[in-house]
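Student: Quick one, fold the following:
(chains A and B, ligands or ions: 1)
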Amino acid sequence: MDKFTTLRGIAAPLAMVNVDTDRIIPKQFLKTIKRTGLGKALFHEMRYDATGKERPEFVLNREPYRKARILIAGENFGCGSSREHAPWSLLDFGIRCVIAPSFADIFFNNCFKNGILPIVQPKALVDKLLDDAGCGANANITVDLEKQEITGPDGGRVHFDIDPFRKHCLMNGLDDIGLTLQKEAKITAFETRQRSEQPWLYR
Amino acid sequence: MAKPRTLFDKIWDSHLVDEQPDGTCIVYVDRHLTHEVTTPQAFEGLRDAHRKVRRLDATLAVADHNVPTTDRRGGIKEEGSRIQIETLTENCREFGVELFDMNDVRQGIVHVIGPEQGFTLPGATLVCGDSHTATHGAFGCYAMGIGTSDVEHVLATQTLMMKRPKNFRINVEGALPIGVTAKDLVLAIIGKIGTAGGTGHVIEYTGQAIRYLSVEGRMTVCNMSIEAGARAGLIAPDDKTFAYLEGKPKAPKGALWEQAVAYWRTLPSDAGAVYDKDVTIKASDIAPQVTWGNSPEDVLPITGCVPAPADFADEGKRQSVERALVYMGLTAGTPLTQVKIDRVFIGSCTNGRIEDLRAAATIAKGRKVAAHVSAMVVPGSGLVKVQAEEEGLDKVFLAAGFEWREPGCSMCLGMNPDQLTAGERCASTSNRNFEGRQGPGGRTHLMSPAMAAAAAIAGTLADVRDYQR
Ligand code: SF4
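Tutor: Numbering: from 1, shown residues only, chains lettered A, B, ... in the order given. Got it, this is the predicted structure:
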């Protein structure tokens, strides 16, 4: 997983509530057995028409948002299916940070496993960022994970909260499995105890 | 005296392997269900890191999302689906994971077969790379959906890294009226608390209406907890739960069974246990439900009319309603019972169990599917199919003009050939009415199996109570 330290780039506004993971990436792209190459499928139904042509009105089909690194979205972003293909497609497109008033749990969790930073901000601040993002190429936003700070195009800074452990993992690109396996002895001890107390769980 | 604990607290506490001062926990996973869509990259990760599956006895795999529901003897034509299922088969062989392949009679939707095999157990933790894992909460099992990275994490370590979710109680007082089922109940709950109402929480369903539900009905309720944003749904295990599990192939036997049941009886929430959130719903207020929009919270009693954007206070919601009405091809003010349908889908992990098929068959019996409607019934598993055929339900459906299919996820999400075409409107017993869910441009109305059968016959959305004699 790539480290996440500071990200500066174009932010794309997507002012919709309850954007579900079927919408982020529809089922026909779940047949892959790889994690890569899903960027072209991102927001597929909104991005392309039935013949596969780009819909010019969709934000990610417009300049400068084709190169967006940050997505500003509405409430309950990423609800629905647990498909990790959703963060994979965002990442493959180039988006490494999503800012929204709220996220669905599984999606939120899946982001961290892929080096994507999901930031929860109050609705009023997200609305301001949506406005900023609407200014296009002049609207570069900087996200500094170390300082936990978002800097808008006008230089205004806002703080964001993040779980310290998740911040540590993102900043160092740490793999959860490796971390958990450092506690192997504890897992084995748990299994020994559980096997004697609840033997029916072992076959 | 010890502090009173909820059912969830008890399961959580008994599965804690490690807890950091910041609240990051390592939680032990007792049961891991896997399927072809969300595992290829996880097995690949294991292979790359030279890791093994830690608990083969706690891992079970099944092919369900991509399988065709027509005759399978010729294999799978569509290449992507075929490769995904072959990859699962190869991975299971290489790592030693037990697999129900698509020609095994025990094959079916992962959330139907787990309980059916007695793989799902009360007081246990269970995960699957699928959001509807919440289903298994009906047994008092802490069951949650995870992404592929976490699937790999569980395969390698038999644990998950997470923070403790909060407790949310939904108490359903009184009894459900006639014609109102578990599906109507859970749709009404989602309509009330919204699709983000349960975010960060585990919902425990309590109250008379829940205790009265069959185990199948409880699975329907817990299944859709994720549609309310919850991490999991839970229902306290009771004699019905034990009766369902006793004798199932993978359930404990003999003395172990007795020992397990004695422990499971200690699981229900203690009197005085504290919930972070508490909602009470009156069962008698609920009518048969149907969704009209593209979010499961867009739901109304069948006696209602299509709403207008102006009926909603929130600006964001108004915009999404406007979009939904266009997508769904509906005009505000139209009575729901006048909305004409093209297709009917009875099945899925929400409503593909024997009880669901019986409920639909009761309505279908001696009637005919409307001439312009094409309707299909897809059993949730091979064993459900066998049982339904023993009861003659297949004959009832066929005589009424329904198609009778092989088990799988089918048109719940259309990864196989069962899909809606653009503009087609479907009465569906599945769980998601998102844009394109059942096929690009397809229009989904969620409802109970009896309601879907009534719609098939009426040719429009219909009130099942008009069909119950
Ligand atoms: S039936 Fe539908 S919701 Fe259930 S597991 Fe299959 S695709 Fe997912």
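
Student: Could you point out the longest helix of chain B?
Tutor: In terms of residue count, the longest helix belonging to chain B (DSSP state H) is helix B:79-95.

Student: Does chain A have contacts with it?
Tutor: Yes - judged by C-beta under 8 Å from any C-beta of the partner chain, helix B:79-95 comes into contact with chain A through B:80, B:81, B:83, B:84, B:87. Bear in mind the C-beta positions are built from the backbone N, C-alpha and C, glycine included.

Student: so which of those comes closest to chain A?
Tutor: When the residues of helix B:79-95 next to chain A are compared for distance to chain A (C-beta to the nearest C-beta), residue B:80 wins out at 3.2 Å.

Student: May I have the residues that are in contact with that closest one?
Tutor: Contact analysis of residue B:80 by C-beta atoms under 8 Å, 6 or more residues apart in numbering or on different chains lists A:31, A:32, B:66.

Student: Now, those residues that are in strands?
Tutor: Assigned to strands by DSSP state E, none of these qualify.

Student: Of the residues you listed, grab the buried ones for PyMOL.
Tutor: To isolate the buried ones among these in PyMOL, judged by 16 or more other C-beta atoms under 10 Å in any protein chain shown, type:
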select buried, (chain A and resi 31+32) or (chain B and resi 66)
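
Student: Could I get the buried residue list for the lengthiest strand in chain A?
Tutor: When chain A is scanned for its longest strand (criterion: DSSP E), the result is strand A:6-14. By 16+ other C-beta under 10 Å, the buried positions in strand A:6-14 come out as A:7, A:9, A:10, A:11, A:12, A:13, A:14.

Student: In this structure the fifth one contacts residue A:59, no?
Tutor: When you say that, I think you mean residue A:12. Yes - under the criterion of C-beta atoms under 8 Å, residue A:12 makes contact with residue A:59 at 5.1 Å.

Student: Can you pull the residues that touch both of these two?
Tutor: residue A:65.

Student: Out of the contacts of residue B:80, flag the one nearest to residue B:48.
Tutor: residue A:32 (16.9 Å; C-beta to C-beta).

Student: Phi and psi next, for the closest residue to that closest one other than its chain neighbours.
Tutor: Nearest residue to residue A:32 in three dimensions, chain neighbours excluded: residue A:38, at 7.0 Å (C-beta to C-beta, 6 or more residues apart in numbering or on different chains). Phi and psi for residue A:38, reported as degrees, to the nearest 10, are phi -90, psi 0.

Student: related to what we said a few turns ago, name the nearest of the buried residues of strand A:6-14 relative to the ligand.
Tutor: Among those, residue A:14 lies closest to the ligand (C-beta to the nearest ligand atom), at 25.2 Å.

Student: Look up which residues are beta-bridged to that closest one.
Tutor: Counting by DSSP bridges, residue A:14 forms beta bridges with residue A:73.

Student: so it makes contact with residue A:65?
Tutor: No - applying C-beta under 8 Å as the test, residue A:14 and residue A:65 come out as separate, 9.6 Å apart.

Student: any residues in contact with both of these two?
Tutor: residue A:59.

Student: which regions of chain B lie under the pLDDT threshold?
Tutor: For chain B, residues meeting the criterion pLDDT under 70 lie at B:1, B:469.

Student: which parts of the longest helix of chain B are buried?
Tutor: B:80, B:81, B:83, B:84, B:85, B:87, B:88, B:89, B:91, B:92, B:95.

Student: got it, and stretch A:162-176?
Tutor: By neighbour count on 16+ other C-beta under 10 Å, the buried set for stretch A:162-176 is A:162, A:165, A:166, A:167, A:169, A:170, A:175, A:176.

Student: Please dump these into CSV; it should also carry distance to residue B:200, pLDDT and secondary structure for every row.
Tutor: Shown next, in CSV, are those (distance: C-beta to C-beta, whole Å; pLDDT from 0 to 100; DSSP: H, G, I helix; E, B strand; the rest coil):
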residue, distance to residue B:200, pLDDT, secondary structure
A:162, 16, 97, coil
A:165, 17, 94, helix
A:166, 15, 95, helix
A:167, 19, 96, helix
A:169, 20, 95, helix
A:170, 20, 96, helix
A:175, 25, 85, coil
A:176, 20, 90, helix
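
Student: Next to the ligand in this structure, residues from chain B, please.
Tutor: Within chain B, the positions adjacent to the ligand are B:65, B:109-111, B:130, B:132, B:348-349, B:409, B:412-413, B:430-431 by C-beta under 6 Å from any ligand atom.

Student: Please type out the ChimeraX selection for whichever of those turn out to be buried.
Tutor: The following ChimeraX line selects those of the residues of chain B next to the ligand that are buried, judged by 16+ other C-beta under 10 Å:
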select /B:65,109,110,111,130,132,348,349,409,412,413,430,431
